[in-house]
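Visitor: Take this sequence and fold it.
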Amino acid sequence: MKSVSMSQVVRAHDAFRFLWPIQSRGQLVSLGLALAVGLTFIAMLCAAIDPSAPLAYIVIPVLLGGLAPVFAALPGRFQVHTRFHAQHFVKTLDEAIRAMGYHRAESVDGQSCYQPQARIVHWKENAIAIKVSDHAIVVVGPVFVLRMLQQRLTG
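Guide: The predicted structure follows:
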């Protein structure tokens, strides 16, 4: 693949997003529900193991760990540059995205969109969009998904 080069995944959001990473109401509800159930379960488990442990030593790390997926789902982008017409690389990109568990959705504004397969927790922020120009493809989606996609394409 000497005729294809990829840029690094860069974050495509404002800096204030690190202060409030929640992007939608659905994301807030599913995160709140997961933290409420998970925090209760972990707190009860830790209290059973060591009843003398302070509650703050249990709750704070669990809350911080529970927020990690929200920060990983913040939007990012990378570019694929080709020496040939970029449309020829779209099939390879499409196969890699589908292998990651995505399916093709409606195209909007000249961009091809991919949605993850239906799961219990489904955030629309996990969608991937690709825009093809003459010799470049811009891929936009969650940072952690784009990094996995890059590894799949280069590996």
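
Visitor: All the strands of this structure, residue numbers only.
Guide: Assigned by DSSP state E, the strands in the chain fall at 4-6, 10-11, 75-82, 102-104, 111-116, 128-132, 136-142.

Visitor: Compare those strands and give me the one nearest Ala53.
Guide: Closest approach to Ala53 among the strands of the chain (C-beta to C-beta): strand 136-142, 34.6 Å. For every residue, glycine as well, the C-beta is placed using N, CA and C.

Visitor: relative orientation of that closest one and strand 128-132 in degrees?
Guide: 170 degrees (axes from the mean of the first three to the mean of the last three C-alpha atoms, to 10 degrees).

Visitor: Next, the buried residues of strand 136-142.
Guide: For strand 136-142, burial by neighbour count (16 or more other C-beta atoms under 10 Å) applies to 137-142.

Visitor: counting contacts, what elements does the worst-scoring helix or strand of the chain on mean pLDDT pack onto?
Guide: None of the helices or strands of the chain scores lower by mean pLDDT, DSSP states H and E than helix 55-72, at a mean of 79. On a contact count with 3 or more C-beta pairs under 8 Å, 6 or more residues apart in numbering; DSSP states H and E, helix 55-72 meets helix 25-49.

Visitor: State the distance from the residue of the chain most remote from its centre to Ile58.
Guide: Distance from the C-alpha centroid of the chain, by C-alpha atoms, centre = their mean, peaks at Ser52 (38.2 Å). For Ser52, the distance to Ile58 equals 12 Å [C-beta to C-beta, to the nearest Å].
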